[in-house]
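Colleague: sequence and computational prediction follow.
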Amino acid sequence: MQNRFCKYIFSIIILFSLLNSNNYVLKAEEKPPKSVCIEEAKKRWEKLNEKVLEDIVKSFNFDLSGYEEIKDDDLDLKEGDTLSGSYDKITLQHLFVGSSTGDMRLFLKNGLKGDKGYFLYKRTDGNNVKKAISKMGDIWVVMHVEEVNAKKIKSEPFNWNKCKSK
């Protein structure tokens, strides 16, 4: 009789421990909210961009101090801008067309008020490209293009399935 009772108690203990361990597994598999995943994806992208820029600057052995980075969004025309007063922005927009590893980067000496700069990017085949640009009147012109062989930098795809859908 005692033997049966011990087996019964033992099987209940095992059953409860299995149920509890399943609860822990379920909690560990909970998906993080979409906002957390978006932040993680942004950080990964920023890290990739840093790596790419570092590689480009190192491969051309030049210094970007004194240059201001202009994002492609900075070149969008705002309400109240006129076409005739925005040729400089418009002539820079075409540089951002195409594909690259990481972001294409525009650096201008003294920002949009300056007259010299560089457009930098890493081609999808891994090569680094540097375009020296100058402002002539109201128009930016590519003066010189230099390309060097470089290693590919791969970005790890982000697994959006690991996140909550909302």
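Modeller: Structure's in. What do you need? Residues are numbered from 1 along each chain as shown.
Colleague: going forward, measure contacts and count neighbours with C-alpha atoms only.
Modeller: Fine.
Colleague: this protein: strands as residue ranges?
Modeller: Applying DSSP state E to the chain gives strands spanning 67-70, 101-109, 116-122, 128-136, 139-148.
Colleague: how about JSON lines for these, with mean neighbour count and distance to residue 42 added?
Modeller: Listed next are these as JSON lines, based on neighbours: other Cα atoms under 10 Å; distance: least, Cα to Cα, whole Å:
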{"stretch": "strand 67-70", "mean neighbour count": "17", "distance to residue 42": "19"}
{"stretch": "strand 101-109", "mean neighbour count": "21", "distance to residue 42": "12"}
{"stretch": "strand 116-122", "mean neighbour count": "24", "distance to residue 42": "19"}
{"stretch": "strand 128-136", "mean neighbour count": "19", "distance to residue 42": "23"}
{"stretch": "strand 139-148", "mean neighbour count": "14", "distance to residue 42": "28"}
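Colleague: adding mean pLDDT, write the ones you listed out as a markdown table.
Modeller: As requested, the strands of the chain are exported to a markdown table (pLDDT from 0 to 100):
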| stretch | mean pLDDT |
| --- | --- |
| strand 67-70 | 94 |
| strand 101-109 | 95 |
| strand 116-122 | 96 |
| strand 128-136 | 96 |
| strand 139-148 | 95 |
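Colleague: residue 49: which of those strands is closest?
Modeller: Nearest of the strands of the chain to residue 49, taken as Cα to Cα: strand 101-109 at 5.2 Å.
Colleague: hey, C-alpha coordinates of that closest one in PDB?
Modeller: The C-alpha coordinates for strand 101-109 follow below in PDB (Å, rounded to 0.1, in the frame of the first residue of the first chain):
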ATOM      1  CA  THR A 101      25.500  48.300 -49.200                       C
ATOM      2  CA  GLY A 102      24.400  50.500 -46.300                       C
ATOM      3  CA  ASP A 103      23.400  54.100 -47.000                       C
ATOM      4  CA  MET A 104      24.900  56.400 -49.700                       C
ATOM      5  CA  ARG A 105      26.600  59.300 -47.800                       C
ATOM      6  CA  LEU A 106      27.000  62.900 -48.900                       C
ATOM      7  CA  PHE A 107      29.500  65.100 -47.100                       C
ATOM      8  CA  LEU A 108      29.800  68.800 -48.000                       C
ATOM      9  CA  LYS A 109      32.300  71.300 -46.700                       C
END
